[in-house]
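Peer 1: only geometry, no sequence info:
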């Protein structure tokens, strides 16, 4: 599937990686949805599943150019660069926006998911009992996951590796939010906030010539946790891609029906109108988890009143839908090549 790309093609790939990385960090939003509506999902899965025994044999034998071409390296490297860069740029901006304009940010994502449902389902020509059943199974799993209570934080390295494998599913399964899974596993703050911030601070200090962090056991522990999480994510990304490549090849419509159900089920996770509920004890004090000492919280969703703020939020939902439709148009206009 390798093809020579222009500079604008490469720039768009990096931007798509930025969007995937940012989306995968938001609970309830899947980076795989970005890949799907931007029209490069199947190439993404195909490229990842080429990371196999033959690829490693080429690498070990020093045939680096053949290895790079075999795994569609030009595509993967630009996309991954965008994802990694997003964690230190776009995701920081996204954190700020969620903190100060939470309702409007969630509204945009809610609109994007609605648009994604339309995007995936519009190509289904024939609906039959098997596809309806697969759709309902996907909806049931998506809703069931959204209703689970979060676990407590756990920095055991084996568990962190497992979290990496599971959370990366958001990159490969549209509608299956990896960051929301991390919330359920209790490690969202540890792995996508604390450890990433530790790496950011470490890079900043190293550039300044300050290497005192090597004597900071907490910082070194965070870096080790991030390293294990990254290794788990890479392992999961390649493993899931092999499975998905097989099912997409042999059971494409059924698989897409399940994924559509996932996305429908995930709508509850990103419902814009919700408030944070902090769990308290009988005497009114905040309850803390026993590992990280963090306040235990959850969301309570509600139907909004028709106020100016609500109308603005609805406008942002429409903007979110429009973004997906624009990506759909862009993908169709470039269907004869990779963008």
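Peer 2: Done, it's in. What you see is a predicted model; the values in this text were computed from it and never measured. Residues are numbered from 1 along each chain as shown.
Peer 1: Going by residue numbers, what spans are strands in the stretch 151-300 of the chain?
Peer 2: Using DSSP state E, counting those that start in this stretch, the strands of the stretch 151-300 of the chain run over residues 274-278, 297-301.
Peer 1: lowest-confidence stretch among those strands?
Peer 2: When the strands of the stretch 151-300 of the chain are compared on average pLDDT, strand 297-301 comes out lowest at a mean of 64.
Peer 1: what's the offset of the next helix or strand along the chain from that strand from the middle of its chain?
Peer 2: As assigned by DSSP states H and E, the chain's next helix or strand after strand 297-301 is helix 308-333. Relative to the centre of its chain, helix 308-333 is centred 19 Å away, using C-alpha atoms, centre = their mean, to the nearest Å.
Peer 1: Could you do stretch 194-207 as well?
Peer 2: Worked out by C-alpha atoms, centre = their mean, stretch 194-207 lies 22 Å from the chain centre.
Peer 1: Give the buried residues for it.
Peer 2: By neighbour count with 16 or more other C-beta atoms under 10 Å, stretch 194-207 contains the buried residues 194-196, 198-199, 202. To be clear about C-beta, it is placed using only N, CA and C from the backbone, and glycine gets the same treatment.
Peer 1: Now the two most distant members of these.
Peer 2: Distance extremes for these: the farthest pair is 194 and 202 at 12.6 Å, using C-beta to C-beta.
Peer 1: closest to residue 40 among the buried residues of stretch 194-207?
Peer 2: Comparing the buried residues of stretch 194-207 against residue 40 with C-beta to C-beta places residue 196 closest, at 25.2 Å.
Peer 1: how close does that closest one sit to residue 50?
Peer 2: 28 Å (C-beta to C-beta, to the nearest Å).
Peer 1: likewise residue 102?
Peer 2: Distance from residue 102 to residue 50, by C-beta to C-beta: 40 Å.
Peer 1: show me where pLDDT drops low in the stretch 151-300 of the chain?
Peer 2: 151, 170, 174-177, 180, 184, 276-299 (pLDDT under 70).
Peer 1: 90 - rerun?
Peer 2: Scanning the stretch 151-300 of the chain for pLDDT under 90 picks out the ranges 151-157, 162-219, 222, 230, 233-300.
Peer 1: how about the helices in it?
Peer 2: 157-167, 169-172, 178-185, 188-189, 195-207, 217-250, 252-265 (DSSP state H, counting those that start in this stretch).
Peer 1: That'll do, ta.
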